[in-house]
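Q: Below is the sequence, then the predicted model.
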Amino acid sequence: MLFFFLHKCFSFRKLLFHIFSVQRKENSTDVKGQTKGQKTQKVKPKVDKQEVEITQRMTVAALAEAMKKDYDHVLEALLNTSVDVDSLEPDSVLEEKWIKEVVTRSGMKFKWAKLSVSRQKPNRDAHRRPPADPSNLVPRPPVVTIMGHVDHGKTTLLDSLRKSQIASSEAGGITQHIGAFLVQLPTGEKITFLDTPGHAAFSSMRARGADGTDIIILVVAADDGVMNQTVESIQHAKRAKVPIIVAVNKCDRPQADPHRVKQELLAHDVVCEDFGGDVQSIHVSALKGDNLLALAEATVALAEVLELKAEPSGPMEGVIIESRTDKGKGPVTTAIVQRGTLKKGCVLVAGKSWAKVRLLFDENGQTVTGAGPGVAVEVVGWKELPSAGEVILEVESEQRAREVVEWRSSEEEQQKLQEEQNAIELKKRTHLQEYHRERAELSHLSWRQRKVALYQAYKTKVSKRSSERVQDEQLTLPLIIKSDVDGSLEALLKVVDSYDAQHQCELEVVHFGIGDISENDVNMAETFAGSIYGFNVTASRPVQLMAAKRGVPLNLHSIIYKLIDQLKDELSSKLPPLVIENVIGEAAVLAMFDVSVGKKKVPVAGCRVQKGQLDRRHQFRLIRGQDTIWEGE
């Protein structure tokens, strides 16, 4: 019985042990499964390594540049290798296996550099035609530009020639744009006149007028003589190699002296016929209309001498004199036809803009069907507003026009990229020179000593940086400039570019454009805390109320020198007040002694007045040599 009992107990224990072992195995399997599951969940995302382009026989400096690392970084990566690090120089050539080793140790991956060949695009630009056959040329009206100083009577002269009232409609009696008009004389000859502005700000518009003209009539007031813009007009004419006719205006005034005017012109190499030269001079009175026919005859005679001819057939070529945006017509340009005939439906290209001509207008606003060589005409139908001074060329189709515009845009983009690349290269060279200059003093040290010295210098620089973060607030005046035409906008931007006090108050043009002031302009001015300046444009009543509500200065002008004066005043108001010291008296100290005032002894300086007068209400400064010892009352 006892044996049987013990046998049963042993079997029971064996059974329990077996069950326990099985359960333990199952539990251990679960734990392993959980651990395995956790490991699969913690898979690290794949990190994209930086690719380094390598080539055969790279130098240490070239490898560092390709990795965008320092020269010493390459030396550190070669530690614990068979390479003698201390003997390496920036121009030392590395073997292929060490180049790959450095890249791998730096946590990067290498790839062999490929020789890239840039594909050249075919030139799709439009060009002027070759010179025409002389047998196809016919006479054309001369293009005459009237130039001179402001208020010398240019527009009044043109007004008298074409019997209209232009001068009275101009703001302040000053021409703000280039006006182009075709005048037919009583004898039947036609002359295309251009009236350019005389104000100093419109220098580029005068230059553009000289470039697109055949004859220049230089208007000089007999009572005023040769002035700044007169000299500038002579320079433009000489640069463009255009002949001059001198019109001495205001000869009806009692203080007029035409002889003095001709003498003053001699100083600028303009020799009139009275002094043995070849320049015609006509005495006129634009206001009274005296001697205007003689001026017209002189112009026609000079045009006959020049034998002005052009080809009326073939694709049109011309030049843009002025461009603007019209509310009803869209982008509008005033152009002079130089070759061919401009007709409705022609496809034109100018700069990076093209047009399919919808309408043509003459100087009186009347529609015309075509315009031949030497005629000024307004062109409607531009997709975008081209710049004044651009050359107009006629092309075969709209597809061809798009090709030309795309080619010119890509060329300009490539040019900008090249300029930016040159600027980057210049900065890199400057930085590299600075880098070598900083390390020139450490060249005698080993790379380990050099690394320690650079670290100490960097630590010193970082410790000083927090105290150097205090910067003076730079005064700025952001501007938004709007104008009615492209030429006036160009003149205003040149005025802003001539500003040379950026260190005192920075003048920044945030936005400029053609057209009336809009809500977007006000929003932009509010964002940049700037001012809006409009020239010959308007702002609707809601826009004015919006600007007043948001505190945005809105300055609208029709005379350019008043706009410039207000801009100067606003710049002056931004600058801090100047503190001027006025010394009203000087004295020399002869003796020092103490005076008792109550229980205190007060030091007193016995002085002798040497200059001016001393007043106890003013401030005093005590100076010994170059040092100020004391200031006070």
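A: Everything's here; your move.

Q: Give me the below-cutoff pLDDT ranges for the stretch 351-500 of the chain.
A: Low-confidence segments of the stretch 351-500 of the chain (pLDDT under 70): 459, 461-474.

Q: For it, just list every one of the strands.
A: For the stretch 351-500 of the chain, the strands defined by DSSP state E, counting those that start in this stretch occupy 353-361, 370-371, 376-382, 391-395, 476-483.

Q: neighbouring contacts of stretch 495-506?
A: 201, 474-477, 479, 481, 507, 509, 564, 567, 571, 574-575 (C-beta atoms under 8 Å, 6 or more residues apart in numbering). For every residue, glycine as well, the C-beta is placed using N, CA and C.

Q: Apologies, that question was intended for stretch 254-273.
A: The contact list for stretch 254-273, computed with C-beta under 8 Å, 6+ apart, reads 218, 220, 222-223, 225-226, 231, 234, 238, 244, 246, 248, 250-251, 274-275, 277-281, 283.

Q: quick revisit: may I ask which two of the contacts of stretch 495-506 are separated the most?
A: A201 and Q474 (27.0 Å; C-beta to C-beta).

Q: Which one of the strands of the stretch 351-500 of the chain lies nearest to A294?
A: strand 376-382 (24.2 Å).

Q: so what does that closest one touch, helix or strand wise?
A: Applying 3 or more C-beta pairs under 8 Å, 6 or more residues apart in numbering; DSSP states H and E, we find strand 376-382 packed against strand 179-184, strand 330-339, strand 353-361.

Q: Now with 6 Å, please.
A: Identification of packing neighbours for strand 376-382 by 3 or more C-beta pairs under 6 Å, 6 or more residues apart in numbering; DSSP states H and E yields strand 330-339, strand 353-361.

Q: possible to save the ones you listed as JSON lines with mean neighbour count and distance to V270?
A: Listed next are the helices and strands packed on strand 376-382 as JSON lines, based on neighbours: other C-beta atoms under 10 Å; distance: least, C-beta to C-beta, whole Å:
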{"stretch": "strand 330-339", "mean neighbour count": "22", "distance to V270": "25"}
{"stretch": "strand 353-361", "mean neighbour count": "19", "distance to V270": "36"}
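
Q: can you list those strands in a markdown table and add distance to A66?
A: Below are the helices and strands packed on strand 376-382 laid out as a markdown table (distance: least, C-beta to C-beta, whole Å):
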| stretch | distance to A66 |
| --- | --- |
| strand 330-339 | 50 |
| strand 353-361 | 43 |
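
Q: Would you mind listing where the stretch 51-200 of the chain has pLDDT under the threshold?
A: Within the stretch 51-200 of the chain, the ranges that satisfy pLDDT under 70 run 114-121, 162-180, 195-200.

Q: what do you get if the cut-off is 80, keeping everything else the same?
A: 113-124, 150-189, 194-200 (pLDDT under 80).

Q: And the closest residue to V552 other than its chain neighbours, how far from Q504?
A: Excluding its sequence neighbours, the residue lying closest to V552 (C-beta to C-beta, 6 or more residues apart in numbering) is A525, at 4.5 Å. For A525, the distance to Q504 equals 22 Å [C-beta to C-beta, to the nearest Å].

Q: between those two, who's got more neighbours?
A: A525 (24 against 13; other C-beta atoms under 10 Å).

Q: buried set for the host helix or strand of that one?
A: Per DSSP states H and E: A525 is located in helix 519-528. Counting neighbours by 16 or more other C-beta atoms under 10 Å, one finds that the buried residues in helix 519-528 are D521, V522, M524, A525, F528.

Q: Repeat that for stretch 591-602.
A: Per 16+ other C-beta under 10 Å, stretch 591-602 contains no buried residues.

Q: contacts for stretch 49-69?
A: Applying C-beta atoms under 6 Å, 6 or more residues apart in numbering, the contact partners of stretch 49-69 are 71, 74, 88, 90-94, 99, 103, 108-111, 113.

Q: Buried residues in that stretch, which are they?
A: So stretch 49-69, judged by 16+ other C-beta under 10 Å, has buried residues V52, I54, M58, T59, V60, A62, L63, A64, A66, M67, K69.

Q: sec struct for the last one, please.
A: For K69, the secondary structure call by DSSP: H, G, I helix; E, B strand; the rest coil comes out as coil.

Q: Pull up the gap between it and E89, please.
A: Taking C-beta to C-beta, one finds K69 at 17 Å from E89.

Q: Export stretch 71-81 to CSV, keeping only CA atoms.
A: Only the C-alpha atoms of stretch 71-81 are listed here, as CSV (Å, rounded to 0.1, in the frame of the first residue of the first chain):
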residue,chain,number,x,y,z
TYR,A,71,39.4,71.1,-44.9
ASP,A,72,40.1,69.9,-41.4
HIS,A,73,37.0,67.7,-41.5
VAL,A,74,38.7,65.6,-44.3
LEU,A,75,41.8,65.2,-42.1
GLU,A,76,39.7,64.1,-39.1
ALA,A,77,37.9,61.5,-41.3
LEU,A,78,41.3,60.0,-42.3
LEU,A,79,42.4,59.5,-38.7
ASN,A,80,43.3,55.9,-37.7
THR,A,81,44.1,55.0,-41.3
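
Q: Figure out how far the longest helix that the chain contains is from the centre of its chain.
A: Using DSSP state H to define each element, the chain has its longest helix at helix 398-440. On the basis of C-alpha atoms, centre = their mean, to the nearest Å, helix 398-440 sits 16 Å off its chain's mean C-alpha point.

Q: and it, what does it pack onto?
A: strand 347-350.

Q: in its sheet, what does the strand it packs on sit against?
A: strand 353-361 (antiparallel), strand 391-395 (antiparallel) (DSSP bridges).

Q: ok, residues contacting it?
A: By C-beta under 6 Å, 6+ apart, the list of residues contacting strand 347-350 reads 126, 320, 355-356, 386, 390, 392-395, 398, 401, 404.

Q: Please pick the buried ones from those.
A: A126, I320, A355, P386, E390, I392, L393, E394, V395, A401, V404.

Q: which one of those sits closest to E441?
A: Taking these together and measuring to E441 by C-beta to C-beta, the closest member is E390, at 56.0 Å.

Q: Contacts only, for the closest one.
A: Counting by C-beta under 6 Å, 6+ apart, the residues that E390 touches are I320, A350, G351.

Q: Mind doing that once more with 10 Å?
A: G318, V319, I320, S323, T333, A335, V349, A350, G351, K352, S353, D486 (C-beta atoms under 10 Å, 6 or more residues apart in numbering).

Q: Work out for me the element the third one sits within.
A: Secondary-structure assignment from DSSP H and E places I320 in strand 317-326.

Q: list the buried ones in that strand?
A: E317, G318, V319, I320, I321, E322, S323, R324, T325.
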